[in-house]
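> Just to be clear, the model below is a prediction. Sequence and coordinates:
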Amino acid sequence: MLMLFGEFFVWWYTRGWYQVVLDLRRRVRSTLNMFSAPILLRTLFAPWRRIVSDPGDDVAAKFKAMGDNLVSRFVGFVVRLFTLLIVFLMLVAVAVFNLILIFLWPLLPLALVVAIIKGIIG
């Protein structure tokens, strides 16, 4: 039984800690993919929902189509920009959570031992 606890502590302070650091990268990548951040950046100035007016033969119709297309691109830009802002805030939250976890990781087994000792002593 003592050997099991020894192996646990060896894993906790070596491979376990390394896995927590690797999970930080996985969580950041997962957050970026969840919001499709690379696609949002690539299509930042694309029209909203691909709504594009087809200009007619008349000059007035061409100006109207140009205005409609500008509005569609502006709406698309604003929506994507706010979504990218949310992505940035989520990345900050994920990074802060993971950094706290990385720094608290070595203390968690010690907290368990302290809790057990306090429980036995009463």
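Arrived safely, thanks for sending.
> and residue 80, how many neighbours does it have?
For residue 80, the count of nearby residues is 21 (other Cβ atoms under 10 Å). C-beta coordinates here come from the backbone N, C-alpha and C atoms, glycine included.
> Distance check, it against residue 49.
Residue 80 sits 12 Å away from residue 49, going by Cβ to Cβ, to the nearest Å.
> now swap in residue 41 and tell me
Distance of residue 41 to residue 49, computed by Cβ to Cβ: 18 Å.
> Which strand or helix spans the residue nearest the centre of the chain?
Nearest to the mean C-alpha position of the chain, counting by Cα atoms, centre = their mean, stands residue 31 at 2.8 Å. If you go by DSSP states H and E, residue 31 is part of helix 17-34.
> residues making contact with that helix?
For helix 17-34, contacts defined as Cβ atoms under 8 Å, 6 or more residues apart in numbering pick out 38, 87, 90-91, 94-95, 98-99, 101-102, 105-106.
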